[in-house]
Each structure stands twice: as C-alpha cells, then as structure tokens.
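> Here is a sequence together with a model predicted from it:
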There are 2 protein chains.
Amino acid sequence: MNVAPKVVPVILAGGTGTRLWPLSRQSLPKQFISLVSHNTLYQDTLLRVAQGALFLPPVVVTGADFRFFARRQAAEIGITPTILLEPARRDSGPALLAAAAYVRDLHGPDTLMLALAADHVVTDTPAFLACVEQAAAAAAAGHVVTFGITPSAPSTAYGYIRAGAPLDGGVAARVERFIEKPDLEAAARYVADGYLWNSGNFLFPAGLMLAEGARLEPELTACAEASVAKARTDLGFLTLDAAAFGAARAISIDFAILEHTDTAAVVAGAFGWSDIGAWDAVHAVSAQDENGNVMQGAVALHDSRNSYVHSDGKLVAGIGLDGLSVIATDDAVLVMPSDRAQDVKGLVGALTASRRNEVNEHLKMHRPWGTYQTICRGERFHVKKIMVEPGGTLSLQKHHHRAEHWVVVRGTAEVTLGDKVFTVNENESTYLPCGSVHRLANPGRIPLELIEVQTGSYLGEDDIVRLEDVYSRQ
Amino acid sequence: MNVAPKVVPVILAGGTGTRLWPLSRQSLPKQFISLVSHNTLYQDTLLRVAQGALFLPPVVVTGADFRFFARRQAAEIGITPTILLEPARRDSGPALLAAAAYVRDLHGPDTLMLALAADHVVTDTPAFLACVEQAAAAAAAGHVVTFGITPSAPSTAYGYIRAGAPLDGGVAARVERFIEKPDLEAAARYVADGYLWNSGNFLFPAGLMLAEGARLEPELTACAEASVAKARTDLGFLTLDAAAFGAARAISIDFAILEHTDTAAVVAGAFGWSDIGAWDAVHAVSAQDENGNVMQGAVALHDSRNSYVHSDGKLVAGIGLDGLSVIATDDAVLVMPSDRAQDVKGLVGALTASRRNEVNEHLKMHRPWGTYQTICRGERFHVKKIMVEPGGTLSLQKHHHRAEHWVVVRGTAEVTLGDKVFTVNENESTYLPCGSVHRLANPGRIPLELIEVQTGSYLGEDDIVRLEDVYSRQ
C-alpha cells in the first residue's frame, strides 16, 4: 500500500441515550462514562485515533451542555481537540456537514475526514486501524466510505449493507443497498447472504462530502456551511452560528447523503465493534468469567450465571441469578432479565413522566470548574462535597435564602467574601452568611476538596445570583 | 369464661438473624427494624400485649448491645418495660428461666408469664388475644401451654406439635408429641393429620416453670435463679449476674423443658402468625398488589409479578421481574429469586469471611445518646450526620489523630471544649482541634442534628479516649 493520506478524526459526541439508564443520564450521556474500560467511551474513541502517523489532530462535535466534559476528559488523556459546539440538536447530518466544512477550511478539500460516533466500542484497535487505511485509500479515490461490520449474529438492532462490486485495486466495494433495521427472519437471511452491519462510521474527503451535500441537500448544506462561516470562538470552544445551524432540519447523514450518493463504498471489518445500545450489549462486550458473569465494582454473586452486575459503590449481592442485569448507582438500582434491555427506554419515559430526578441527573454534577455531589439532604440543610480543579473558579455569587459553611478537607481555597479575599487551608473552615457576595477558587496545584453545609429555609439550586462568571454562564 | 388471671408479657429480644440481610444485621437485628408495618417487630410485639386488662407491665430480655434499642423503641410507643440484660448468649432456656424467676419474685409464683419472641408477626391481634385467654385458663390450671399454629401449608421451616386429649373444660389439649423440622413429605403428612406448627411462644405460671426446671434441669435452673438473685441495676437496666448466667449451658427452652414436662399443653390458633424467618416469608405476610408484588419505599416496577422489592432510600426500578426479591439499603443491595431466600444465611457467611462490613453494621449506627451516620468518606476526611436526642450526652473524649468541625443544622448543642462550656446554635459551627478534650450534649427539647467533618491522617472509630461517660461505656 502507498503512503496513506492524512485523516482528520471527527468525533460526534453530542448524543444522549436512555437505554443505559441508570448510568447514562440526560446530564451525563453514555459517551462520557466508563462502561467497558477504565476510560470513558469518548476517551477510548479519541485514543483509538491518536496512534500512528495517519491522523491529524482530532475535532470533536458536541452540545454546549457537554463541552466541559469533552474538554476535560480529553485533557485527562493528554489530548487537546478542537471542539465544535452545536447550538441545537439536529441529528448527525448538519453536524457532520459542518465538521466537513471546518476540516476543508482548515486543511483543504482533499483532506480525509473520519467521522466516528463517540459512544461505540472497538475491542481490536489494530484491525480497526487496518480497516481505516483501506477505507482511506478508497476515500482518496473519490468515495464516501462506510465501515461495514461482519455480523456475529442476526441482530435486529442494526441496519444492513449489501456490498456490490469491488473497487479497483482495493478491498473496498461499492454499496449496492442500504437496509433499515430488519425483523429477525430478514436479519438471518441477510447474515446468510453476507450482508454487513452498518456501523454509522464513515471516511471521506471533506470536499467530496460537501459537494455531494450541495447536490443532494443544498439547503441543509448551506445551513451547515453558514454555521461554520459565522462561528465564533468563546472560552476556547468554536460555537457554530445558532441562526444558521438552527435553520437546518434534523436528519441523519445516512438519510441525507449516504443512501443517495453514488460515491458510497463500504469496507468490511471485524474489529470487535459494538454500539452498546443497551445493557445486553454491554454484557456481551465485557470480559465474562467462566460462568458468563460480568461483575463490575463491589459485587458478590453466588450460584449465578450469564448475569451482568454493575455497582458504582455499594455492595451488590446476588444469589441464584441467571440471565439477569443489575445496575446500581448512588441513587438508583435497575433490575431486569437481560433480554428486556430494550425496555429500559420505556421505563425511563415512565419515570420522566412521574418526575423522578434520577432520570436526568446524577448525584454527582459536573461543572466547568469541577464537580459537586449531594451527600446528605435534610429539611433545612444540605451537605455537598465540592471539588474544584486547579485553576478553577466558581462564579461570584450570592444566595437569598441560604448560608454556607465550607470546611476544606484537601488543598487550598481562595475565598472572596464581600470585599475581602483570603485563603482557607486544609482543615480550616469559613462561613458565608445569607446574602453575602462570595466566590470560591482553587489557586493551587492539586484539586481542592471541601465539604459545604448549606442551611436555610429554601435550598434549591435556583437560589443563586451570578454576578460574574469566568465560564460565561447566566 | 371467668375473670382471667393476670399475665406478665416477657418479650425475648436478644436474638440475631442473618436471613433477613441486608436489613437485619448483627448490630441491628430484625426485631428492631420495620418490616411489615411502620413500627418495628419489637414495638408491634409490645403493643400486642399492651391492650386490655389482661396484662401486667411487660418485661424485656435482651443483650447489652441492644439495651438502648429496647428502651428507646419502647419509649417511642409510650411503654416503659423492665429490661433484663443477658450478660452472655445462652439461647432461650436460661433467659426464659431467669425471666420466670424475676416474675415470680415480683408478683408471686402463680403469676402467669407469656413468653413471646420479639421478632414474630401476628396480623390478627384479636384472634391472638382470644388464644392467650384460652391458654391462660389452661396455664392457671397447672400447665405449660404452647401456642400451636394451624398450618397454612406443609412448611419445612417449623417444628410440629401433635395435640392429644383435650384438657377439662377448655380448648387446650395435652401435647402428645413435639416434632423437629421435617422434610416436605413428612410435613404434608403432618398437615393432613391436623398437627400444628410450634410457634415457640409459651404461657405458664412462673412458679410451675421453675419447679419443672428444678426437676428436669436442676443445674441450669440454679444458674438462672442465681443470675436473678445477684442481678444489679445500672442505668435503669437489670443486668443478670454474669458469673451465674454465664455458667448456664446454651439450650432452648423447648429442649430443656417443654419436650420433657408432662404439664405441656397446646392451644391451637390461627392469628396470621409468622416468624418471618426469611425474605419469602416477609413477602407472604406483606400486603400484595393485584400482581402479587410488594413494593416498599421508592420502587417502580414494570411488567412484573410475584416480586418483593424493598428500598430504604434510593430508587429501585424493575422490568419483567417474576418471583424475584430485591432488597436495597444505603450500602448494600441483595437480588435473588424468592425461593432462594434460605440461602441468604450462606451468603452472609461468605461475606463475613471476606470481611465485608456491610454484614455487621449499617451506615447509621445507634448509640445511647442518639445516632450517627457516615455520609461521605475520603482519604483524609470523614463526614457524619449526628443526631443527639434531647438530654443526650456523648462521652467526654479526645482523639489523637483527628480534628473535628461541627456545624449545627437543627437544635442547640452544648459543647465542652477544654475547660469551657458554650452553646452552638442552629447555623453556627465550632472547631475541635486534634487532641482537645471535648463533649457534645443536647440541652434542648428537640433533637440536635449536626454535620461533623473529621479531618486527619487516621479516622478509625477506635481513635477515641473516653474520659467520662454517662452510659458507663469503656
């Protein structure tokens, strides 16, 4: 093979998923949690395309809610991606076209772009990279290349691709047909006939995608182009223009371009891919013991098999389990036979309707400056554990209805209280009366941890008046 | 029926059980937890014999570890029992003989004593009380009367009783035979033949029990008698003499006396009795919905039946459950098919062997002065919520390795620090440096709640030097 052309990885990290509740939540979707390795899925995706000479620095596309996750989690693994922010959710079509315009403007129209979902698992990275090289050759020859997965079973959870004639001089083939998620009978037929799963990951020259977009979806593509042309940089993020991007209709890149372009090609791969769309898929891609069990966290199983048990902290004990999934977080536990994994979405819908907060938020909340976690809640008090990253600064703020006690248990706090600024060291505390203007910052080199005890008659998160904020929040 | 003789209820509350883990733990056994009603089983037992003119004030027999539960939980329902403390565990025989000696000394040998387990459920109290009246008549005529339960199924979890000839002028009958827990086939035969379950609750004249004891088990009975004769009162508890009581061998009252005395009689009853020995029994005695589910606490079930789901706090969601038991506490979750309920004991044994603290202790710990609960634990800090009852006083103490911050969130604290005594009001805080001699008390009329933040390099519970303690603890 010749020297491969350079590839810009574009990680699509704006999705939200409910099927992996209670771990995945609206405020912390699955790409940003650890499910099958120590890293998050997003981190593993970034690391997968950070190796070797093939790749240029990555671009991440996500929503404003997730921008600090995207930056912090990348920083944790030593990567500094460009982060494009979608001002609205419009499915993958507009996001991918906007990213293509950004890549073209930066590196030229012939630059290859590898569009990857941030929440997929790949267990065989060398096989994946070999596939990318094959796809790059086909893309450089003028194709929008999709990654087709050799099926391991007749799944009804994926779309299928029928490959046609091989392209000249490569392993890629023309796409003969895209097929929507089939029923089980049809799926079995497709598998027998050698069809491939459609993984929803693509490789193409940025200019070609935009040219095909302009031909097949001119309005959509114009919106995406304009959203990049008018994008503005803020706090190091590149925010796509809200008016232009918002004018695009929501559509997947498959429906908008892939299924209509006659440049579509497919490269078949078998690299341990899964979109881990539900808990049974997480079980399937995780390392199982000799009884078929997966135990993550503090788990004790007796006389059990084929079960997936995940605990974020507390001890989960099982007796006589068979084919059961148990997922325990700090504030919610889900129990079901593993073959009911697709029903989690309906359960979450019902819980949302009954206004259970466990659906949207975790006890631990992420903020630009660090995290906070409710550890105890009473009638007139609320105790939080607060972590401020080195250099992190909370907004200058005041509360009408609550006073706060801060006890520093690790690191050093710089506290602004009225017109005074002072330092609170480890094992020291300070008191912020109701109505006082205050600010917390970590001037040190290690994370600052403190225990906050709030007291007052009203303790809602909305009792906050932000007077200044380095993160431009309202 | 004639005027019934007076009856002293004696509640045996010294047992520990592991089959109801994770709710029942060594430090808080099942009689002291709420399982089927708002009250604890112990409270329900006390209330059952607090009605009507039949009963004299109750006596409770328990161990030193549980003495404050026994007193506090009785006080919560307005009852002030005499509490006898067993200095060692010796099964029910010595405890019951000692209680009989205490009752005889106080009220005379003809006084009837009703010995009840503190951890049984009775759903039909009027039927139970009617049975007690029948038993009292037979006991007054010179019998040790046991309560036989009309079986609802051929259970292998209970011993059986074969009733013989009816006694003169009553519904009680002589006991013809006691039978140990049988296998299923034998149990079915016993049920068909009209045998009764042995409930392990008894009614007898105190003097008669001691006379039978002196005849059948003279050494054991002498130890019990001596333990009462040399008992001492401390903090309002009557502690049986340790040397005398400790010299008694461990044996149940059934083996020691009931199965050998020719005064044994039985009264048959059907009053919704259960010893709720395991989770399936808790499910059976709890109110079930139309799908056979029992949901206690924050529980959401979809498409589920015949399942028992209990949550102490966090949301427990289930999909497609059938015949499953899920029990969730703050620090542990147990999941099993309900018919594996007997295997919990083995699981707890294995967890004990692997030194999991969830087996012995709850996060919330009970003390004579109130409770404390760990709400957050870090490498060099530990956050607790502390509740001190009105009038409660912690020991005068110091710690070598930790400093403490106290933030009062409800009520008023009286703090001793070195040679100063001062008040800390709601929304105020104070700091106790490492090594300082201090004491916390609640001088007010409402519970004192405070958040304690401990910091230091060693935070074990054993870093405490008690200089004075109103509860005589070491």
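Alright, I've got the coordinates. Residues are numbered from 1 along each chain as shown, chains lettered A, B, ... in the order given.

> Against residue A:290, how distant is residue A:186?
As judged by CB to CB, to the nearest Å, residue A:186 and residue A:290 stand 35 Å apart. Yep, even glycine has a C-beta here, placed from its N, CA and C like the rest.

> More neighbours: these two, which one.
residue A:186 (16 against 6; other CB atoms under 10 Å in any protein chain shown).

> Am I right that the more buried one is in a helix?
Yes - judged by DSSP: H, G, I helix; E, B strand; the rest coil, residue A:186 forms part of a helix.

> Next one, pLDDT for it please.
With respect to pLDDT, residue A:186 has a value of 94.

> partners of the helix or strand of chain A with the lowest mean pLDDT in the sheet?
Least confident helix or strand, chain A: strand A:364-367 with a mean of 84, by mean pLDDT, DSSP states H and E. If you go by DSSP bridges, strand A:364-367 pairs up with strand A:370-377 (antiparallel).

> could you say which helix or strand contains whatever residue of the stretch 151-300 of chain A ends up closest to chain B?
In the stretch 151-300 of chain A, the residue that lies nearest chain B is residue A:300 (6.2 Å; CB to the nearest CB). Counting by DSSP states H and E, the element that carries residue A:300 is strand A:299-302.

> Measure how far that strand is from the centre of its chain, please.
In this view, strand A:299-302 has its centroid 30 Å away from the chain centroid, taken as CA atoms, centre = their mean, to the nearest Å.

> For that strand, name the packing helices and strands.
Strand A:299-302 sits against strand A:308-311, strand A:315-319, helix B:344-353, with contacts defined as 3 or more CB pairs under 8 Å, 6 or more residues apart in numbering or on different chains; DSSP states H and E.

> What residue in the stretch 1-150 of chain A comes nearest to chain B?
Closest to chain B within the stretch 1-150 of chain A is residue A:22: 7.6 Å, counting by CB to the nearest CB.

> thought that residue was touching residue A:329?
Yes - between residue A:22 and residue A:329 a contact is recorded at 4.8 Å, counting by CB atoms under 8 Å.

> Of those two, which one has the most company?
Using other CB under 10 Å as the criterion, residue A:22 and residue A:329 rank with residue A:22 on top: 25 against 22.

> Residue A:287 versus the nearest residue to that one once chain neighbours are set aside, what's the distance?
Among residues not flanking residue A:22 along the chain, residue A:332 sits closest, at 4.0 Å (CB to CB, 6 or more residues apart in numbering or on different chains). As defined by CB to CB, residue A:332 lies at a distance of 25 Å from residue A:287.

> what does residue A:134 give?
In terms of CB to CB, residue A:134 sits 28 Å off from residue A:287.

> Show me which of these two is the more surrounded one.
With neighbours defined as other CB under 10 Å, residue A:134 and residue A:287 compare such that residue A:134 has more, 21 against 9.

> Now do the contacts for that one.
A:170, A:171, A:172, A:267 (CB atoms under 8 Å, 6 or more residues apart in numbering or on different chains).

> Which pLDDT value belongs to it?
With respect to pLDDT, residue A:134 has a value of 94.

> cool, residue A:349 as well?
90.
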